[in-house]
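Enquirer: After the sequence you'll find the predicted model.
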Amino acid sequence: MWEDDRNKQGGRWLVTLSKQQRRSDLDRFWLETLLCLIGEAFDDYSDEVCGAVVSVRTKGDKIAVWTSDYENKEAITHIGRVYKERLGVPQKMSIGYQSHADTATKSGSTTKNKFVI
């Protein structure tokens, strides 16, 4: 939950998948996400990771890795770079980082990314 003390100042790296990617990428991305968490793949910044979530939706699916402090730019960008590499996301495709505070107060259907890799 966003309201949890460990998550209040945090955010998430968000990977959005199209309906077509569900068949080819969703399971593989989710498995790699879990392996990153279990294996502490984010080096010295692994303690910044709070968890992960997968949302299967009609329009497209989402996978997110949650972190505890959106102001720790060094940790957030390191986690994002490692995560994108581990998923095998093509260089031309980007993933975005959003703070929970921005997501909670958004007025439209999208939240502005704080970081993009």
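Expert: The structure has been received and is ready for your questions.
Enquirer: Can you give me the neighbour number for Val65?
Expert: Neighbour count for Val65, taken as other C-beta atoms under 10 Å: 25. The C-beta positions use only the backbone N, C-alpha and C, and glycine is treated the same way.
Enquirer: From what I see, it and Gly11 are in contact.
Expert: No - using C-beta atoms under 8 Å, Val65 is not in contact with Gly11, being 9.7 Å away.
Enquirer: So, low pLDDT: which residues of this structure?
Expert: Applying pLDDT under 70 to the chain picks out residues 1-3, 106-109.
Enquirer: Tell me the buried residues in the longest helix belonging to it?
Expert: Across the chain, the longest stretch assigned as helix under DSSP state H is helix 73-87. By 16 or more other C-beta atoms under 10 Å, the buried positions in helix 73-87 come out as Ala75, Ile76, His78, Ile79, Gly80, Val82, Tyr83, Lys84, Arg86, Leu87.
Enquirer: could you dump those residues to JSON lines with distance to Lys114?
Expert: Formatted as JSON lines, the buried residues of helix 73-87 follow (distance: C-beta to C-beta, whole Å):
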{"residue": "Ala75", "distance to Lys114": "13"}
{"residue": "Ile76", "distance to Lys114": "8"}
{"residue": "His78", "distance to Lys114": "15"}
{"residue": "Ile79", "distance to Lys114": "13"}
{"residue": "Gly80", "distance to Lys114": "10"}
{"residue": "Val82", "distance to Lys114": "17"}
{"residue": "Tyr83", "distance to Lys114": "15"}
{"residue": "Lys84", "distance to Lys114": "15"}
{"residue": "Arg86", "distance to Lys114": "21"}
{"residue": "Leu87", "distance to Lys114": "19"}
